[in-house]
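S.K.: this is a predicted model, with the sequence first.
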Amino acid sequence: GEKGLGDGGTLIGLAAAVVLITAFVVIQRTGRAPMVPGAVLADRGRAGANAVMFLVGAGMVATFYFLTLYMQLVKGYEPMATGLAYLPFAVGIGVAAGGVGPPLLARASERSVISAGLVTGSAAMVWLSFLAPGQHALAVLL
C-alpha cells in the first residue's frame, strides 16, 4: 500500500497474472476437454450475461468492503452491528428476487427488466459514492 502500483513486486505480480491467464486461455482453447467449450463463449447473449454478472459481482464486493469500512471505522459500529446493518439490504434482495421480479418478468421482456435493474443498481452505486462521515447512518445505509 505504501509503495503504490509502480512498485517492482506489484508489477511482477501483475505480469505473472497476465502470463498465467494467457496460458490458461491457450490451454483451454487447444485442449481436448476444455472446462467451458468455445461455442458457449462465442454466443453473444451468454458472453454479455457473463460480463454483466462479473461487473455486478465486482460492484457488490466493492460495496460490501467499503460499506463495512465506513460502518466500522467511520461510524464506529461493532462487527455485530455492522452485520445487522446489512439486513435491510438482504431483505431488499429477497423482496426484489421473489416478489417484484417474477411479476415484472411476466409483463415485460427479460432485457428490459434486467436493464432497469442494472440502471437502478448503478444509480445506487453513484448515490453511495457521495457518502460522507457526517451523514446520518440510518438514512445512508437504507
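M.R.: Here it is on my side, so go on.

S.K.: so for the lengthiest helix in the chain, mean pLDDT?
M.R.: Secondary structure of the chain per DSSP state H: the longest helix is helix 44-69. Average pLDDT, helix 44-69: 89.

S.K.: what residues of stretch 99-110 count as buried?
M.R.: residue 104 (16 or more other Cβ atoms under 10 Å). Glycine gets a C-beta too; all of them are placed from N, C-alpha and C.

S.K.: could you check the angle helix 44-69 makes with the helix or strand encompassing residue 92?
M.R.: Residue 92 belongs to helix 87-95 when assigned by DSSP states H and E. Interaxial angle of helix 87-95 relative to helix 44-69 (axes from the mean of the first three to the mean of the last three Cα atoms, to 10 degrees): 160 degrees.

S.K.: and helix 87-95, how far out from the chain's middle?
M.R.: Distance, stretch centre to chain centre, for helix 87-95: 16 Å (Cα atoms, centre = their mean, to the nearest Å).
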